[in-house]
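# no FASTA, just this:
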DNA sequence: AAGATCCGAAACTCAAGAGTATCGTATATG
DNA sequence: CATATACGATACTCTTGAGTTTCGGATCTT
């Protein structure tokens, strides 16, 4: 449950338990993951402007000064927190043989919960995105793109298998679930559950790729 | 659904009678519309937390005290501004005879521009919506619901005419354009233009109601 | 014209939060 | 045990913005 490393600015993949014997230096920045987690929690709860460094420090049971020893500013802390955000693993895509099966296989409680949290974080960042390109890039890379890439891959595979027409608008279709979920949570303020996502797949996505509703008249 | 009306104010949007043209500084709260407009502008540009009363006052060429003589707080001002927001008129829906024609008829430059602006405002409000139910309600009534109701009515009419199946998921389908537009503007940070909206109608909505893609294989 | 009002500008108070500095303590190393 | 260092807590400075007050001048009424 606790796979954490991330000491510098990521890329630190080796997590050997030994320390370099550096002249009496004690533990490195071991508290970083907890602090970044606390920052994301507070961000999701109160939004970027509402959150304070004291809140984050208190949540992480750390001193305010500790945060400033490690990050130069509130903004940098948040960008780092987003970049180091824990991800659900999209590297191994489901392979059920059918597009519908694959899409539904992506709907799992941890995935839903993860999505909900990410949307809360996005909501907290929203008003800042227009004014801080670095923040927007970090949010996109950590929150939006991973899931989008996974869905896109599923659809491309269905095309490669000849299961859906090659001229499907994958770009748009692969965004439907994410967009509708975001709209529902952030704007309609209703929960996104499994049934909603399935009704999206069966009522929108599958028909749109020609696998759903038996075609009828032409309006 | 239904309309707005919220508190007590508004009705200032209508020009009652012709009064002294430019020299006039009338005694009633004639400046209200300009101030509310300025508030919306600043809100859209900088977000709720980023905006200051001074910004709004300066934008409206008014004194800060004037705003406080009229609204008790920043929050009340914003809620009033949203409630009194100018609307594009959705009361007379297009009637082209076909669902596709109606949907496309709703895409007009003023409508696109209006939508873009509303989304910017929503972005500025986003982080507040979770913490202020009154604000969320006002935003929903003024920004979200009018357009949603119009699209829903278009689809219901298509069902009544027998042009699309009665078991279409109207609720979801009518939200597609709004959700995808919001996703594109707020999260993807790309512009929403006429071509995008048309590709949504032809690539997603129409196929989903059985009027688009010639149905084929079963995956 | 005189009086009553409303307005814009600007100075002011007050609270909150970003960022800094200090200090006592805990702990690993030697 | 001694030392060096990182940490938590806390007090502090400084800036910003919400909300208030004051005042001179412009406008409407009578």
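Okay, I see it. What you see is a predicted model; the values in this text were computed from it and never measured. Residues are numbered from 1 along each chain as shown, chains lettered A, B, ... in the order given.

# chain A - how does it break down into domains?
According to automatic domain parsing, chain A comprises the domains A:32-83, A:99-208.

# who are the contact partners of residue A:138?
Listed by C-beta atoms under 8 Å, 6 or more residues apart in numbering or on different chains, the contact set of residue A:138 reads A:79, A:82-83. All C-beta atoms are positioned from the backbone trio N, CA, C, and that covers glycine.

# distance of it relative to residue A:128?
11 Å (C-beta to C-beta, to the nearest Å).

# and for residue A:119, nearest residue in space, chain neighbours not counted?
What sits nearest to residue A:119 in space, not counting adjacent residues and going by C-beta to C-beta, 6 or more residues apart in numbering or on different chains, is residue A:185, at 4.7 Å.

# roughly how far apart are the closest residue to residue A:193 other than its chain neighbours and residue A:106?
Excluding the flanking residues, the one nearest residue A:193 by C-beta to C-beta, 6+ apart is residue A:112, at 7.1 Å. Computed as C-beta to C-beta, the residue A:112 to residue A:106 distance reads 10 Å.

# also residue A:73?
With C-beta to C-beta as the criterion, residue A:73 and residue A:106 are 37 Å apart.

# neighbour count winner among these two?
Taking other C-beta atoms under 10 Å in any protein chain shown, residue A:73 and residue A:106 do not tie; residue A:106 has more neighbours (19 against 11).

# can you list contacts of stretch A:119-137?
Residues contacting stretch A:119-137 (C-beta under 8 Å, 6+ apart): A:40, A:43-51, A:75, A:78-79, A:82, A:139, A:143, A:181-182, A:185-186, B:46-50, B:123-124, B:126-127, B:129-130, B:186-187, B:189.

# longest helix in chain A, please.
Secondary structure of chain A per DSSP state H: the longest helix is helix A:109-129.

# with mean pLDDT and distance to DNA strand C added, can I get the domains of chain A in CSV?
Formatted as CSV, these follow (pLDDT from 0 to 100; distance: least, C-beta to the nearest atom of the strand, whole Å):
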stretch, mean pLDDT, distance to DNA strand C
domain A:32-83, 97, 3
domain A:99-208, 96, 13
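
# can I get those in JSON lines with distance to DNA strand D?
Shown next, in JSON lines, are these (distance: least, C-beta to the nearest atom of the strand, whole Å):
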{"stretch": "domain A:32-83", "distance to DNA strand D": "3"}
{"stretch": "domain A:99-208", "distance to DNA strand D": "12"}
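
# need the contact list for the residue most central in space within chain A.
In chain A, the C-alpha nearest the mean C-alpha coordinate belongs to residue A:143, at 3.2 Å (C-alpha atoms, centre = their mean). Residue A:143 makes contact with A:82, A:85, A:118, A:121-122, according to C-beta under 8 Å, 6+ apart.

# just flag the most distant two among those.
The largest separation in these, counting by C-beta to C-beta, is between A:85 and A:122 at 11.6 Å.

# and the closest residue in space to residue A:156 that isn't next to it in sequence, how many neighbours does it have?
Using C-beta to C-beta, 6+ apart and skipping the chain neighbours, the partner closest in space to residue A:156 is residue A:170 (6.4 Å). Using other C-beta under 10 Å, residue A:170 has 19 other residues around it.

# I'd say residue A:170 and residue A:159 touch.
Yes: counting by C-beta atoms under 8 Å, residue A:170 does reach residue A:159; the two are 7.3 Å apart.

# would you state the strands of chain A in chain order?
Along chain A, no segments are classed as strands by DSSP state E.

# count the neighbours of the residue nearest to residue A:193 for me.
Residue A:112, neighbours per other C-beta under 10 Å, totals 18.

# then residue A:150?
By other C-beta under 10 Å, 20 other residues sit near residue A:150.

# same question for residue A:38.
21.

# so how far is residue A:58 from it?
If you go by C-beta to C-beta, the gap between residue A:38 and residue A:58 works out to 8 Å.

# cool, residue A:124 as well?
Taken as C-beta to C-beta, the span from residue A:124 to residue A:58 is 18 Å.

# and the two? Which one has more around it.
Between residue A:124 and residue A:58, counted using other C-beta under 10 Å, the more crowded position is residue A:124 (24 against 14).

# nearest spatial neighbour of the more buried one, skipping sequence neighbours?
Nearest non-adjacent residue to residue A:124, counting by C-beta to C-beta, 6+ apart: residue A:47, 4.0 Å away.

# who touches the one you found in this structure?
A:123-125, A:127, B:49, B:126-128, B:130.

# what's the end-to-end length of stretch A:120-140?
14 Å (C-alpha to C-alpha, to the nearest Å).

# equivalent analysis for stretch A:86-94, please.
OK, stretch A:86-94 end separation, C-alpha to C-alpha: 20 Å.

# my guess is the residue nearest to residue A:119 contacts residue A:193. True?
No: counting by C-beta under 8 Å, residue A:185 does not reach residue A:193; the two are 11.0 Å apart.

# mind checking which of these two has more residues around it?
Shown here are residue A:185 and residue A:193; by other C-beta under 10 Å, residue A:185 has more neighbours (19 against 13).

# ok, now how distant is the more buried one from residue B:211?
Residue A:185 is 30 Å from residue B:211, by C-beta to C-beta.

# residue A:104 now?
25 Å.

# surely residue A:57 meets residue A:66?
Yes: when contacts are counted by C-beta under 8 Å, residue A:57 is listed as touching residue A:66 (7.1 Å).

# overlap in contacts of the two?
residue A:35.

# more neighbours: which of those two?
residue A:57 (20 against 15).

# which residues does that one contact?
Taking C-beta under 8 Å, 6+ apart, one finds A:35, A:38, A:63-64, A:66-67 in contact with residue A:57.

# again with residue A:176
Residue A:176 touches A:200, A:204-205, A:208, B:176, B:180, B:204, counting by C-beta under 8 Å, 6+ apart.

# swap in residue A:44?
Residues near residue A:44 by C-beta under 8 Å, 6+ apart: A:117, A:120-121, A:124.

# is it possible to export those residues to CSV including distance to residue B:155?
Formatted as CSV, the contacts of residue A:44 follow (distance: C-beta to C-beta, whole Å):
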residue, distance to residue B:155
A:117, 33
A:120, 31
A:121, 33
A:124, 34
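
# count residues in the vicinity of the residue lying closest to residue A:189 once chain neighbours are set aside, would you?
Leaving out its chain neighbours, the residue that sits closest to residue A:189 by C-beta to C-beta, 6+ apart is residue B:136, at 6.4 Å. Residue B:136: 17 surrounding residues under other C-beta under 10 Å.

# residue A:160 now?
10.

# touching, residue A:151 and residue A:174? I think so.
Yes: judged on C-beta under 8 Å, residue A:151 makes contact with residue A:174 at a distance of 4.2 Å.

# what is in contact with those two at once?
Common neighbours of residue A:151 and residue A:174 (C-beta under 8 Å, 6+ apart) do not exist.
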